[in-house]
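S.K.: sharing a sequence plus its predicted fold:
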Protein chains: 2
Amino acid sequence: MKKNTLGHLQKNTLREQIVTLLAKKIINNAIQPGDKLPSERDIAADLDVNRATVREALKKLETLGLIEIRHGEGIFVNDYRSSGNLELFRMMIYLNDTIPLSILQDVLEMRKIIVPEMAARAVQECSVSDLEEFTLIINEQEDILEKDLAVHHFIAKTSNNMLYIFILHFFNQIFRDFGYLYFENPDNRKRSEQFHQQLYKAFQDKKAEKAFSITRDVLEYTEKRIFDYYTKTYSNKR
Amino acid sequence: MKKNTLGHLQKNTLREQIVTLLAKKIINNAIQPGDKLPSERDIAADLDVNRATVREALKKLETLGLIEIRHGEGIFVNDYRSSGNLELFRMMIYLNDTIPLSILQDVLEMRKIIVPEMAARAVQECSVSDLEEFTLIINEQEDILEKDLAVHHFIAKTSNNMLYIFILHFFNQIFRDFGYLYFENPDNRKRSEQFHQQLYKAFQDKKAEKAFSITRDVLEYTEKRIFDYYTKTYSNKR
DNA sequence: ATAATAATAGTGGTTGAACCACTGAACCAC
DNA sequence: GTGGTTCAGTGGTTCAACCACTATTATTAT
């Protein structure tokens, strides 16, 4: 493989390789916020790829909020800690081999704040046909992970807050990738089934406060179990 | 929109025009989820632009979660309601001339849930040097809008939850563009100054519960004033 | 006839060279 | 100083061609 100053390329399409390469450099602070990147022509020459390919990669990095491209001036690195968006946050999770504990904590904490509130609101907005949909989810979905994700998505949709749907989708993307580990444990599977049943009853009875506490409790249980698992698995590395 | 002396200029690269054009078609359901878009070549020919330009636009739409590009197959429209991200949500605000009331409600509601919790957490995490930074923000920032944004950013940073920083940045992007209207009102300016002072005291005294209630109260005030303004301004259109 | 295989058409991915449009700096004229 | 002019460097766009992947169709072997 060709040696160059920016690093090596390996993965899928050339463009995605460039995205990953530059994103890593920025997130790992190899390139500092405010720094100016080499020109598109220089990057292309350095990586030995075409300028159009580099431009597509840069366009993605710009949409992720990692860089700012100024016509006639150049390409500048943003401070992703203050200018990033959730898609970037998600990317950071997958950039490393293991999900950093700090990020996991952040996600679980935010989830614990938002989801119970939204469950309470969903109860208030829940119509008869919504409740029927809830029944279908609980009874017809075999896979426990998919069922749990569907329940959360139902909460999001029924809350009638589009912003919540988007944020929840972000949560679900993460838990779809890591949740299968969680549900390998029979206790956890049982706890989730219990949650679904309890929550359904709260929706049936229109008890918003009940839905709130039920949801908060299961998320606290989940958080505890995930931390246990995490510290057990990686304790030797820390 | 953004305020400046002479008025609002719209920047317009060909690529961004294409992004806006296609995004509107998708969000307004002129193109349905699951639909296949014309090929890159056909789109380029249809719009009378080069294929490379179209590709850059498509790359952005893909990063926004609006479409999925499959090598050898084609371009497919996603269901943005379940696959979108916050950057897309933000774009939806600016696609129309006026920010839809429903979206405004969603944002304000979510803000009311998240920010007080984070303020409480920030108090607990707040160090002496953090408090000094808070002092600087309150005393040295002249512009009330910038000061308010800085206070919120301080809360986010001090809470030590990176996910919150990202979500708050999303809020701030919106309020930076619309907040000047809000602060034209002297009552609102005064209310915010009061909030900053009260919150600083809560941080000083390490009163997390106090910070929570103070923040919740000001957000409720803000929400009310914004709705008043909105319904007053657009009442004839509805 | 059927199943495996090969050719084909259509799609996105990449390339190279060229030119346009914008920015900042240096220089010039007033 | 102030305002133009030029120039070099940057991103934005174009064109024409080819590569790589996918699904379909035609062909072949059984």
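M.R.: Sure thing, it's come through.
S.K.: could you pull out the strands for chain A?
M.R.: Here chain A has its strands, by DSSP state E, at A:36-37, A:67-70, A:74-77.
S.K.: up against DNA strand D, what does chain A have?
M.R.: Contact residues, chain A versus DNA strand D (C-beta under 7 Å from any atom of the strand): A:37, A:39-42, A:51-52, A:55, A:69-75. Heads up, the C-betas are built off the backbone N, CA and C, glycines and all.
S.K.: near chain B at all, the worst-scoring helix or strand of chain A on mean pLDDT?
M.R.: Every helix and strand of chain A was ranked by mean pLDDT, DSSP states H and E. The lowest is helix A:80-83, at a mean of 79. Yes - using C-beta under 8 Å from any C-beta of the partner chain, helix A:80-83 reaches chain B at A:Arg81, A:Ser82, A:Ser83.
S.K.: what are the buried residues along stretch A:181-194?
M.R.: A:Tyr182, A:Asn188, A:Ser192 (16 or more other C-beta atoms under 10 Å in any protein chain shown).
S.K.: just these now: which is nearest A:Lys232?
M.R.: A:Tyr182 (13.3 Å; C-beta to C-beta).
S.K.: which residue is the nearest non-sequential neighbour of the closest one?
M.R.: If the residues on either side of it in the chain are set aside, A:Tyr182 comes closest to A:Asn188, at 5.5 Å by C-beta to C-beta, 6 or more residues apart in numbering or on different chains.
S.K.: OK, contacts around the closest residue to A:Leu64 other than its chain neighbours?
M.R.: Leaving aside its chain neighbours, A:Leu64 sits nearest to A:Leu88 (4.5 Å; criterion: C-beta to C-beta, 6+ apart). For A:Leu88, the residues meeting the contact criterion (C-beta atoms under 8 Å, 6 or more residues apart in numbering or on different chains) are A:Leu64, A:Gly65, A:Leu66, A:Tyr80, B:Phe166.
S.K.: hmm, which of these is lowest in pLDDT?
M.R.: Going through the contacts of A:Leu88 one by one, the lowest pLDDT turns up at A:Tyr80, 86.
S.K.: so who does it touch?
M.R.: Residues in contact with A:Tyr80, defined by C-beta under 8 Å, 6+ apart, are A:Ile26, A:Ile27, A:Pro33, A:Gly65, A:Leu66, A:Leu88.
S.K.: pull the most distant pair out of those.
M.R.: Farthest-apart pair in those is A:Pro33 and A:Leu88; separation 13.6 Å (C-beta to C-beta).
S.K.: the closest residue to A:Leu181 other than its chain neighbours - how many residues pack around it?
M.R.: Nearest residue to A:Leu181 in three dimensions, chain neighbours excluded: A:Tyr229, at 7.3 Å (C-beta to C-beta, 6+ apart). By other C-beta atoms under 10 Å in any protein chain shown, the residues close to A:Tyr229 number 15.
S.K.: how far away is A:Tyr229 from DNA strand C?
M.R.: 37 Å (C-beta to the nearest atom of the strand, to the nearest Å).
S.K.: gap between that residue and DNA strand D?
M.R.: Counting by C-beta to the nearest atom of the strand, the gap between A:Tyr229 and DNA strand D amounts to 35 Å.
S.K.: same thing with A:Asn28?
M.R.: 21 Å.
S.K.: ditto for A:Ile114
M.R.: Going from A:Ile114 to DNA strand D by C-beta to the nearest atom of the strand gives 36 Å.
S.K.: so what's that residue up against?
M.R.: Going by C-beta under 8 Å, 6+ apart, A:Ile114 touches A:Tyr164, A:Ile167, A:Leu168, B:Met110, B:Ile113, B:Ile114.
S.K.: which of these are buried?
M.R.: Among the contacts of A:Ile114, those classed as buried by neighbour count (16+ other C-beta under 10 Å) are A:Tyr164, A:Ile167, A:Leu168, B:Met110, B:Ile113, B:Ile114.
S.K.: what's the pLDDT at the third one?
M.R.: Translated: A:Leu168. Confidence per residue is given as pLDDT, and for A:Leu168 that number is 89.
S.K.: likewise the last one?
M.R.: We have a pLDDT of 95 for B:Ile114.
S.K.: what is the neighbour count of A:Thr233?
M.R.: A:Thr233 has 11 neighbours, counted by other C-beta under 10 Å.
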